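K.L.:
no FASTA, just this:
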């Protein structure tokens, strides 16, 4: 049945994408149809789609429900786990500010800023780490360090009872040791680093960014981001550990954990590494609604300025959003993802028409945030495709995000060809 759904969707997709010229009503109908079919194919139980041109939001709509039991409908201001979108609106933003303030040199080795990280990891430069060019190991299942082979918890990892040393709740019955980060750091230090300098996606450096920020500014990573960006931008829902500020029913659940936390993940970060850092990392951990997330990208598209506030200099944004190693088959900017060097409809997460100047990031939970300065376009897609399980991959199989993204480009391009204002004609 699932394969049949995918086949029918593919036929349906082909039929609507190649319609030349569309009104706003037909754009909305096409996006509606794609998402309704995707929900039926269990790509995700619900989602939010956001698009803006310049300063004008011309598409903001919610679909479906928080979960497949259809008990709570998704609202446009609902809060989603951003997963690796955190890399660009968390870790990378912090690094941009540190760079601009002269506190880091991109070609210095990581070991100049992080103590006791070892020679292998320590010799990788910040530029290499941010572009996934340094040969760092892709991923470590940090949560496995908490258990012995017989299933019991190791010392100074996790317990079933809360006390002074074990105060962060992973679940209602699991509590994390306050210094588990030292174990994460040790695991990163012990990983092998490839001597071959080529593109290999790795989140390891992003787990170290909070310590780097603290070392250089004497301010916690989350407070640094709030003070320099989120508070002044008015991005209230863009935050770590959202249950400290928002009600549970405002937050969309992610996965039903069947291997570590053994419960539905709701209001706590999905990423196992981030939760073992008390919900706060440069790799994952941020939550947001679509509009608050978009505020960061509006600032970036506006050369770092919002009203009278200059958050970042234009040259800093240009540097970080530019491909660093194009001659080494690496499309990445500094922290930011970029369009494929050669477009591939199967592998791409964004539209074919996304310019080479565009940038953003995807998230494992089903999220995508993408900005295109050439077209003044911001596209955000928030979903919980990992509900109830990360084995659900229809979001990728159906190319939902790039398909909708391309429909938006087609709509804008059609309006431009007709010499009309694409935003002014919107409802």
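P.N.:
Structure's in. What do you need? In this text, all values refer to a predicted model and were calculated from it rather than measured experimentally.

K.L.:
so where do the helices sit in the stretch 101-250 of the chain?
P.N.:
Assigned by DSSP state H, counting those that start in this stretch, the stretch 101-250 of the chain shows helices spanning 119-122, 126-130, 180-190, 204-217, 221-225, 231-233.

K.L.:
CSV please, covering these and showing distance to residue 321 and mean neighbour count.
P.N.:
The way it works is simple: take the backbone N, C-alpha and C, and place the C-beta from them, glycine included. CSV is the format used below for the helices of the stretch 101-250 of the chain (distance: least, Cβ to Cβ, whole Å; neighbours: other Cβ atoms under 10 Å):
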stretch, distance to residue 321, mean neighbour count
helix 119-122, 26, 18
helix 126-130, 12, 22
helix 180-190, 27, 17
helix 204-217, 17, 22
helix 221-225, 18, 21
helix 231-233, 18, 16
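
K.L.:
and the spatially most central residue of the chain, how far from residue 371?
P.N.:
By Cα atoms, centre = their mean, the chain has its centre lying nearest to residue 85, at 1.3 Å. Distance, residue 85 to residue 371, by Cβ to Cβ, to the nearest Å: 12 Å.

K.L.:
name the residues contacting each of these two.
P.N.:
residue 360 (Cβ atoms under 8 Å, 6 or more residues apart in numbering).

K.L.:
tell me the confidence at residue 50?
P.N.:
Listed pLDDT for residue 50 reads 98.

K.L.:
the closest residue in space to residue 51 that isn't next to it in sequence: what's it in contact with?
P.N.:
The shortest distance from residue 51 to any non-neighbouring residue, by Cβ to Cβ, 6 or more residues apart in numbering, is to residue 59 (4.0 Å). The neighbours of residue 59, taking Cβ under 8 Å, 6+ apart as the test, are 27, 28, 31, 49, 50, 51, 52, 408.

K.L.:
could you find the closest non-adjacent residue to the first one?
P.N.:
In this case it means residue 27. residue 411 (4.5 Å).

K.L.:
with the third one instead?
P.N.:
Once flanking residues are discounted, residue 31 sits nearest to residue 404: 5.5 Å by Cβ to Cβ, 6+ apart.

K.L.:
buried ones in the helix or strand harbouring that neighbour?
P.N.:
Per DSSP states H and E, residue 404 falls inside helix 400-417. For helix 400-417, burial by neighbour count (16 or more other Cβ atoms under 10 Å) applies to 400-412, 414-415.

K.L.:
tell me the one of those nearest residue 211?
P.N.:
Nearest to residue 211 among the buried residues of helix 400-417, counting by Cβ to Cβ, is residue 401 at 32.7 Å.

K.L.:
wait, the closest one sits on residue 349?
P.N.:
Yes - judged on Cβ atoms under 8 Å, residue 401 makes contact with residue 349 at a distance of 5.9 Å.

K.L.:
which SSE is residue 47 in?
P.N.:
Going by DSSP H and E, residue 47 is part of strand 46-53.

K.L.:
other SSEs contacting that strand?
P.N.:
Contact partners of strand 46-53 among helices and strands, from 3 or more Cβ pairs under 8 Å, 6 or more residues apart in numbering; DSSP states H and E: helix 24-40, strand 56-64, helix 290-301, strand 377-383, helix 400-417.

K.L.:
quick one, the last one and helix 24-40 angle?
P.N.:
Calculated by axes from the mean of the first three to the mean of the last three Cα atoms, to 10 degrees, helix 400-417 forms an angle of 170 degrees with helix 24-40.

K.L.:
SS state for residue 277?
P.N.:
What DSSP: H, G, I helix; E, B strand; the rest coil gives for residue 277 is coil.

K.L.:
now it, nearest residue through space, not along the chain?
P.N.:
residue 181 (5.8 Å).

K.L.:
surely the residue nearest to residue 31 meets residue 34?
P.N.:
Yes - contact criterion Cβ under 8 Å: residue 404 and residue 34 qualify, at 6.0 Å.

K.L.:
for residue 305, grab phi and psi.
P.N.:
The phi/psi pair for residue 305 (degrees, to the nearest 10) reads phi -120, psi 140.

K.L.:
and it, how far is that from residue 152?
P.N.:
54 Å.

K.L.:
before we move on, what about residue 329?
P.N.:
In terms of Cβ to Cβ, residue 329 sits 45 Å off from residue 152.
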